[in-house]
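Engineer: no FASTA, just this:
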């Protein structure tokens, strides 16, 4: 009986083993910081990026990861209210986990779009690509999951 219990305990601990994060380990006060870009209107790519964010959130301890997703250029179509309903639902879900979504005003001005054309709770910046650059200077890691 003890042997079965030991095997079961070992199996459970292996399944729930946490990733061996590099030093300094991510914490609430010093989270890992990641920025991703929605720069293409391709729905498959967008779903892959959003799926990547979900995967990252699953692996990092609670509140030890700061994620920003910046939409600019053709990618701005993905955060419009009339965009793909399933993708918007997934983005809204991520917002509930403090994933920040940022939108590019330059693209909006070029396309003659208004803030009311877009999903709620976006943060607007004048230049989306500039936001990506400046966040990298602040220590964010820019990832492109392709």
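Structural biologist: Yep, it's here. Quick caveat: nothing in here was measured; it's all calculated off a predicted structure.
Engineer: how distant is the host helix or strand of residue 110 from the center of its chain?
Structural biologist: In the assignment (DSSP states H and E), residue 110 maps to helix 105-111. Put simply, helix 105-111 sits 23 Å off its chain's centre (CA atoms, centre = their mean, to the nearest Å).
Engineer: in this protein, what spans have low per-residue confidence?
Structural biologist: 1-18 (pLDDT under 70).
Engineer: who are the neighbours in contact with the most centrally placed residue in the chain?
Structural biologist: Centroid-nearest residue in the chain, with CA atoms, centre = their mean: residue 53, separated by 4.1 Å. Contacts here follow CB atoms under 8 Å, 6 or more residues apart in numbering; on that basis residue 53 touches 36, 67, 69, 94, 99. (Glycine included, C-beta is placed from N, CA and C.)
Engineer: Show me the two of those residues that sit farthest apart.
Structural biologist: Using CB to CB, these span at most 10.9 Å, a distance reached by 36 and 94.
Engineer: between the two, what contacts are shared?
Structural biologist: Common neighbours of residue 36 and residue 94 are listed as 53, 67, 69 (criterion: CB under 8 Å, 6+ apart).
Engineer: Contacts for whichever strand or helix holds the second one next, please.
Structural biologist: I take that to be residue 67. Here residue 67, judged by DSSP H and E, is contained in strand 65-71. Strand 65-71 has contacts (CB under 8 Å, 6+ apart) with 26, 31-39, 49-50, 53, 56-57, 78-79, 91, 94, 98-104, 107, 122, 125, 128-129, 131-132, 135, 140.
Engineer: What pairs with it, parallel or antiparallel?
Structural biologist: Here strand 65-71 is paired, per DSSP bridges, with strand 32-38 (parallel), strand 100-104 (parallel).
Engineer: okay, how far is it across stretch 118-132, tip to tip?
Structural biologist: Using CA to CA, to the nearest Å, one end of stretch 118-132 lies 20 Å from the other.
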